[in-house]
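Engineer: what follows is a predicted structure for the sequence shown.
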Amino acid sequence: MNRKVRTAVFPVAGLGTRFLPATKAMPKEMLTVVDRPLIQYAVDEAREAGIEHFVFVTGRNKGVIEDHFDKQFELEETLEARGKLEALAELRRDLPQAGQSSFTRQQEPLGLGHAVWCARDLVGDRPFALLLPDMLFKGTPGVLSQMMAAYEEHGGNVLAVEECKPSEVSSYGIVGRGAGPDTGFEINQMVEKPKPEDAPSNLIISGRYIIQPEIFALLAKGVRGAGGEIQITDAMHKLMETQRFTGVKYQGRSFDCGSKIGFLTANVAYALDRPDIASAFMAEIKELAAGLK
């Protein structure tokens, strides 16, 4: 029987330089899509998938993330006194229970693999989910829930994948597709940023992972890869020698909110999906579009 995945790791130590000056004093993970921070969407996705322990790998000037997932008595008292019970209920729904959140520091920017390694003592000797908050996914059920279904069937390690243009494979980690359906096929290759002519497919790793704890021993070796950083892809490639990797070509739409275009597109998509503001927002978009003609 496959060991249950109860813990999720969220690497949130990055500087967010592509969004300066907005991220000079505010973590990029707290940038809002409509009215919810990016990190909240990732936590919501994890909770939907059955995650019970949320591990945040932070850095300097990231204390506001910890505050966001803490109880704010003054705010709750004010909302209750003013009769804003719907907003109060939403805040309480979003809040992890006492003891469900853990925070650790990545003291140096040594790459995603190093950030994951920093969570080793909090994760322990159990499989865990890894969610990159920059990647926002819109789908029902959530991407991690779709991956959990594949994990229950196949065990091992599971990666969310999506197609990219063949000409863009050199910008991503690419997997080779073996036997199996879109909901869970065997990954038989893993290549970091290959030339288009050398790529085994156009399926990219999309920022959602279920990983076995043996990855920590590989990351502990501190082998530097692309950019002189400790890369999670390099460690997974080594882990493939002894463990199965399953790919899930998920159902839904992704938004790379680490880029300005992806972030702005996500705001539009999520705003148009909100019954309370969709009509008025669409009217504003049409007016703006008319002015560009």
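Structural biologist: Thanks, I have the structure now.
Engineer: quick one, what contacts F245?
Structural biologist: G156, N157, V158, L159, V175, E186, I187, M190, M236, L239 (C-beta atoms under 8 Å, 6 or more residues apart in numbering). (Glycine included, C-beta is placed from N, CA and C.)
Engineer: please redo it, this time with the cut-off set to 10 Å
Structural biologist: Listed by C-beta atoms under 10 Å, 6 or more residues apart in numbering, the contact set of F245 reads 154, 156-159, 175, 178, 185-190, 209-212, 236-237, 239.
Engineer: elements contacting the longest helix belonging to the chain?
Structural biologist: Counting residues, the longest helix found in the chain (DSSP state H) is helix 278-292. When contacts are defined as 3 or more C-beta pairs under 10 Å, 6 or more residues apart in numbering; DSSP states H and E, helix 278-292 sits against helix 260-272.
Engineer: now the nearest residue to C164 once chain neighbours are set aside: how far from E192?
Structural biologist: Leaving aside its sequence neighbours, C164 sits nearest to I204 (C-beta to C-beta, 6 or more residues apart in numbering; 4.9 Å). Separation of I204 from E192 (C-beta to C-beta, to the nearest Å): 11 Å.
Engineer: so those two - more neighbours on which side?
Structural biologist: Each of I204 and E192 has its neighbours counted (other C-beta atoms under 10 Å); I204 has more, 21 against 16.
Engineer: tell me the contacts of F255?
Structural biologist: 33, 38, 41, 134-138, 261-270 are the contacts of F255 under C-beta under 10 Å, 6+ apart.
Engineer: and A22, by the same measure?
Structural biologist: Here A22 is in contact with G16, K28, M30, L31 (C-beta under 10 Å, 6+ apart).
Engineer: does the second one touch P21 like I think?
Structural biologist: No. With contact defined as C-beta atoms under 10 Å, K28 and P21 do not form a contacting pair (12.0 Å).
Engineer: who's more crowded, the two?
Structural biologist: The neighbour comparison of K28 against P21 (other C-beta under 10 Å) goes to K28, with 24 against 7.
Engineer: on that earlier part again, quick check: the residue nearest to C164 vs S259, distance?
Structural biologist: On the measure of C-beta to C-beta, I204 and S259 end up 15 Å apart.
Engineer: now swap in N157 and tell me
Structural biologist: In terms of C-beta to C-beta, N157 sits 27 Å off from S259.
Engineer: and P21, by the same measure?
Structural biologist: 17 Å.
Engineer: for A49, same thing?
Structural biologist: Taking C-beta to C-beta, one finds A49 at 25 Å from S259.
Engineer: kindly report the same for I215.
Structural biologist: Applying C-beta to C-beta to I215 and S259 gives a distance of 27 Å.
Engineer: between those two, point out the one with more neighbours.
Structural biologist: I215 (25 against 13).
Engineer: isn't the more buried one up against Y209?
Structural biologist: Yes. With contact defined as C-beta under 10 Å, I215 reaches Y209; the gap is 9.3 Å.
Engineer: ok, back up a step: in what helix or strand does the residue nearest to C164 lie?
Structural biologist: strand 203-211 (DSSP states H and E).
Engineer: starting from that strand, tell me which strands it pairs with and how they run.
Structural biologist: Here strand 203-211 has these sheet partners by DSSP bridges: strand 128-131 (antiparallel), strand 157-163 (antiparallel), strand 173-177 (antiparallel).
Engineer: can you pull out the low-pLDDT segments for the stretch 101-250 of the chain?
Structural biologist: Low-confidence segments of the stretch 101-250 of the chain (pLDDT under 70): 226-227.
Engineer: how about 90 then?
Structural biologist: 107-111, 165-174, 189-199, 221-234 (pLDDT under 90).
Engineer: centre of the chain versus the longest helix of the chain, how much separation?
Structural biologist: 31 Å (C-alpha atoms, centre = their mean, to the nearest Å).
Engineer: can you check stretch 271-287 too?
Structural biologist: Using C-alpha atoms, centre = their mean, the offset of stretch 271-287 from its chain centre is 27 Å.
Engineer: I'd like to check what contacts that stretch. Which residues are they?
Structural biologist: V33, V34, D35, K138, N267, V268, Y270.
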